[in-house]
Structure formats: structure tokens, C-alpha cells
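> When you get a sec, could you give me coordinates for this:
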Amino acid sequence: MLLGEGPILSVIPSPTQAVWHLGPIPLRAYAFCIIAGILVAIWLTERRWVQRGGDRAAVAQISYWAVPFGIVGARLYHVATSWQPYFGPGGRPIEALYIWNGGMGVWGAIALGALGGWIGARRAGVRLPAMADAAAPGIALGQGIGRLGNWFNNEVYGGPTDLPWGLVIHQWDQSAGRAVLGQDGLPVVLGTFHPAFLYELVWDFGVAAAVIWADRRFRLGHGRVFGLYVVLYTAGRLWIEALRTDAANHVLGLRLNIWTSLVVGLTAAVLTWLSARRRPGREELTSAPG
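Below you'll find the predicted structure:
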């Protein structure tokens, strides 16, 4: 065990197992966390959509398209931006399909999920910006819940720390979904690190609360609730991403996701400002394609 120097008085433990088997069927904690996040997002979206005067059934219709598109997009973004383990020297391309091992990019989820949402919205006869406004807080909550999957997989952490909330990280056997055991039969501990996954979980929950408050206070509409969510999320992702020490591709010395956060956040801020100038207030929900 490499726990650093001096006694550790308080740490956050990490699971030593993330996969259980029900006969031949593997039950993966990462998948359950993602599914739980999706269900919470849909539940809150339904509540907010109905409160705005929409038809509850429309949320399910759009989810049928947005959710699978978003999952595929999340995986594609991860593989495209971290391609070496799959297509680099010694890589295993087939593992690009192993979504249960972790590796989901939120930007891909939003991009392709929006495409699926647009298709679903047209079929349901509602306008996508209005639905995106209803969905924004739920998406943030779902992201936070999904981050618990990283905790089970002993991933998404920062540099070493001796802070009371330091996260214990084990040497991990990704294929087996459990910690590597040492000669003493105990899980091998690599040390205590900043719990970047937890920082993002807390930030995401805070974003959801802030967006709900702002929507109620200012009656935002025409996509501005979703824009605010993106701006706040990317602001947090900037500093959280800077803490992470896992392998990532860099551009001009910065992790690729930092640049993505900057570009997406600034774009969302500009579009939200333009929306406020051109279409103030909140739209009335009517059945209309587009």
C-alpha cells in the first residue's frame, strides 16, 4: 500500500468491486449509475414539462430518440478523443464497444442527444428549445448521478492529497471489474487523491439547483435555461478537468476537454445572450414542428 507519509485520519473509501454476476449475467455498477441518472433526468423533465403546460407523453416520445443517441454520442466522443487504447499501438479496437468499462463524453452525449431530441421533438410536434429548457436541470442531475459510476470503477480523480476528503484509489483490474489483490490477499491501494468525480457530482447538483431557481425567478424561455445550464456546467468542468491526472490528449499544453469546455461555454453564453435580446420572455407551448 502506498498511502503517503503520516497517518490518514479521514478518507473517502472506494469500492473494491464494480461487477457482480447473476449466473452468466454481469451486473455492472457503472451501468446502473448511468441508468439511474437517465431515469431521474426523464422524471424531472416530465415534471417541468407538465408544469409549463406540456403533454407528459411528449417527454417519453422524445426520450426514445434522445437517450440512445446520447449514449452512442457519449461513447463516440470518448473514443475519438482518447483513441490510443483502442486504435493506437497495441490497442484493442473491439474494446471501443465496451461501454461498461467506463468512458463517456458529455459533449458527445449532448451533441448526438440533441440530434435525437430534435427528431423526437418533430415527431411529437413540440419545439426542441422549449423541451431543452424543461430538460436542463434533469440533465445536470443525471450527470451527477452517473458520476457515481466512476467511483465504483476507481477512476476520474486528481492528484495526491492529504485532505480529509481524499479518495482512496485501488490498483484496478478493468477487465475483471475489481481491485487487484496483493500478496497479503488485500486490495492494493495506490494512495489518496482528489475525488474529481465527487467535485463534479456536487457541482452538477448545484447547477441543477441554480438553473431551477433562475428559471423560476426570471421565467426563462427559448432555450435560455439550457444555455444557462451549459454555461454553468462548463465553468465547473474547467477547474475540475484541470485537477484530473488520468491520461488524456493535450492541445497547447491543456487537456482537450478544457478547450472543449471553453469553446462550448463561450458559444452557449453568446447564444443565450442573443436569445434574450431577440426573444425575451417565455414561449407558450403549442403543438408545432421544429
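> Just the element for the residue nearest the centre of the chain, please.
Residue closest to the mean C-alpha point of the chain, counted by Cα atoms, centre = their mean, is residue 143 at 3.7 Å. Element membership for residue 143 (DSSP states H and E) is helix 128-146.
> circling back to that earlier point, contacting residues for the residue nearest to the centre of the chain?
Contact analysis of residue 143 by Cβ atoms under 8 Å, 6 or more residues apart in numbering lists 37, 106, 200, 204, 233. Heads up, the C-betas are built off the backbone N, CA and C, glycines and all.
> Go ahead and confirm residue 228 touches residue 273.
No: assessed by Cβ atoms under 8 Å, residue 228 is found out of contact with residue 273, at 10.9 Å.
> if you count what's nearby, which of these two comes out ahead?
For the pair residue 228 and residue 273, the greater number of neighbours falls to residue 228 (23 against 12), based on other Cβ atoms under 10 Å.
> how far away is residue 151 from residue 173?
17 Å (Cβ to Cβ, to the nearest Å).
> Which one's more surrounded, those two?
residue 151 (23 against 11).
> Report the secondary structure element holding the more buried one.
With DSSP H and E as the test, residue 151 turns up in helix 148-152.
> Mind giving me the packing neighbours of that helix?
Helix 148-152 sits against helix 29-51, helix 196-218, with contacts defined as 3 or more Cβ pairs under 8 Å, 6 or more residues apart in numbering; DSSP states H and E.
> Indicate which one of those helices is closest to residue 248.
helix 196-218 (12.0 Å; Cβ to Cβ).
> So, low pLDDT: which residues of the stretch 101-250 of the chain?
The model of the stretch 101-250 of the chain has pLDDT under 70 over residues 101-102.
> Tell me where the chain has strands.
Counting by DSSP state E, the chain has strands at residues 19-22, 25-28, 167-170, 172-173, 178-179, 189-193, 250-251, 254-255.
> buried stuff in the longest helix along the chain?
Longest helix in the chain, counting residues (DSSP state H): helix 56-81. Neighbour counts over helix 56-81 (16 or more other Cβ atoms under 10 Å) mark 58-59, 61-63, 65-67, 69-79, 81 as buried.
> picking up where we left off before, any chance of the helices and strands packed on helix 148-152 in TSV, plus mean neighbour count and distance to residue 253?
Formatted as TSV, the helices and strands packed on helix 148-152 follow (neighbours: other Cβ atoms under 10 Å; distance: least, Cβ to Cβ, whole Å):
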stretch	mean neighbour count	distance to residue 253
helix 29-51	19	31
helix 196-218	19	19
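> Make CSV out of these and add distance to residue 190.
Converted to CSV, these look like this (distance: least, Cβ to Cβ, whole Å):
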stretch, distance to residue 190
helix 29-51, 19
helix 196-218, 15
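> Mind checking these for the one nearest to residue 182?
Using Cβ to Cβ, the helices and strands packed on helix 148-152 put helix 29-51 closest to residue 182, at 22.6 Å.
> Report the angle between that closest one and helix 196-218.
0 degrees (axes from the mean of the first three to the mean of the last three Cα atoms, to 10 degrees).
> Quick check: which helices or strands does helix 29-51 pack against?
Using 3+ Cβ pairs under 8 Å, 6+ apart, helix 29-51 sits against helix 56-81, helix 128-146, helix 148-152.
> Nearest to residue 259 among those would be which one?
If we rank the helices and strands packed on helix 29-51 by Cβ to Cβ, the stretch that ends up nearest is helix 56-81, at 10.4 Å.
> now that closest one: mean pLDDT?
Averaged over helix 56-81, pLDDT sits at 93.
> Just give me how far that helix sits from the chain centre.
With Cα atoms, centre = their mean, to the nearest Å as the basis, helix 56-81 stands 12 Å off its chain's centre.
> Against which helices or strands is it packed?
helix 29-51, helix 106-124, helix 128-146.
> wait, which of those is closest to residue 210?
Within these, the stretch nearest residue 210 is helix 128-146; the backing value is 8.9 Å (Cβ to Cβ).
> tell me the contacts of the residue nearest to residue 249 when sequence neighbours are not counted?
Closest residue to residue 249 apart from its sequence neighbours, by Cβ to Cβ, 6 or more residues apart in numbering: residue 256 at 4.9 Å. Applying Cβ under 8 Å, 6+ apart to residue 256 gives the contacts 81, 248-250.
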